[in-house]
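>>> Here is my input; please provide its structure:
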Amino acid sequence: MVLLFSVEPLQLSQSEKGSVRLKKNGNGNGNGNDAIYYQLGNCFMCGEEGVPITKFPIFRQDVFGINNDKVPVCRDCADLFKSCIKAPMNNILKNYRTSYDLTSEAFLKGMEIDDVFLELIWAKSILGHQREIDHIIDFSEPKSCPICGHKKLTCHHIRKRAVFGENNFIVYFCRKCHDRLEVLVTTGEVFALRDNYLEFRMEIDSMINNLRGVNAPDILKQNALREGAGSYQFA
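Numbers count the residues shown, from 1 in each chain. Okay, the predicted model is just below:
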């Protein structure tokens, strides 16, 4: 897979990079000596110092390639940070409703779906085309998988719940065929996100600026602003 661009690393302060702690079990047999078991650093969101942190990637590497854009976050802030990172991607993908529909429709029809086909139906040019699928796709639960005939079925949301929320656009496949379709949808999403790289980066830039110290007590926020930490800039 050829990447058309590279992502420059973020500029983090030395204190935000953290320090590695080493585990030694002390029994002299060598097991566990110098084994990394957690990392200490300052949380990007709450400002806590010297706490166990996880460095969360900002840009999905399967989409934007190998990059060092990671932010140190403590356990208490992790869930909020992860949900915030997903929001800009989902905001872009919400515009691709027709692409989600076409991918499932083509799969149901047994069409040969390759990367060329996916890149076409997940291109920006598709955004102006809206279509209703209520009369195109049968949403009733079949007795067997429409692709291979397997009896044990699982549901597939044509319009992904993580993007569109709960909805009734549901079709049914066996687990194996369901997973095949999920791979196709994920590949299409990658094409869409790459196509909207500049928009995504601008939204991430704004979001990161707003997230620094968002969970911090007021005094920590004031200190961060005085030290200039309230302005987070990409390299």
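>>> Quick one: distance of the longest helix seen in the chain to the chain centre.
The single longest helix within the chain, with elements called by DSSP state H, is helix 175-195. Remark: helix 175-195 is offset 13 Å from the chain centroid, using Cα atoms, centre = their mean, to the nearest Å.
>>> in the helix or strand that comes right after that helix, what counts as buried?
Per DSSP states H and E, the first helix or strand lying C-terminal to helix 175-195 is helix 197-211. Buried residues in helix 197-211, defined by neighbour count with 16 or more other Cβ atoms under 10 Å: 197, 200-201, 203-204, 208, 211. Where you see a C-beta, it was placed from the backbone N, CA and C, and this is true even at glycine.
>>> Which residue lies nearest the spatial centre of the chain?
Centroid-nearest residue in the chain, with Cα atoms, centre = their mean: Lys86, separated by 5.1 Å.
>>> which residue sits closest to that one, ignoring its sequence neighbours?
Closest residue to Lys86 apart from its sequence neighbours, by Cβ to Cβ, 6 or more residues apart in numbering: Ala162 at 7.4 Å.
>>> swap in Ile136?
Nearest residue to Ile136, sequence neighbours excluded (Cβ to Cβ, 6+ apart): Glu105, at 6.3 Å.
>>> A helix includes the one you found, no?
Yes: membership of Glu105 in a helix is supported by DSSP: H, G, I helix; E, B strand; the rest coil.
>>> Okay, now the unreliable bits of the chain?
By pLDDT under 70, the low-scoring segments of the chain are 1-38, 134, 213-235.
>>> what ranges do the helices span in it?
Using DSSP H, the helices of the chain run over 14-17, 61-64, 75-93, 97-108, 115-121, 161-164, 175-195, 197-211, 218-226.
>>> Can you tell me which of the ones you listed is nearest to Ile147?
Proximity to Ile147 (Cβ to Cβ) singles out helix 175-195 among those, at 4.4 Å.
>>> quick one, that closest one and helix 75-93 angle?
Relative orientation of helix 175-195 versus helix 75-93 (axes from the mean of the first three to the mean of the last three Cα atoms, to 10 degrees): 80 degrees.
>>> Between helix 97-108 and helix 175-195, find me the angle.
Using the same axes, to 10 degrees: helix 175-195 against helix 97-108 is 150 degrees.
>>> what number of residues lie near Pro146?
By the other Cβ atoms under 10 Å criterion, the neighbourhood of Pro146 contains 17 residues.
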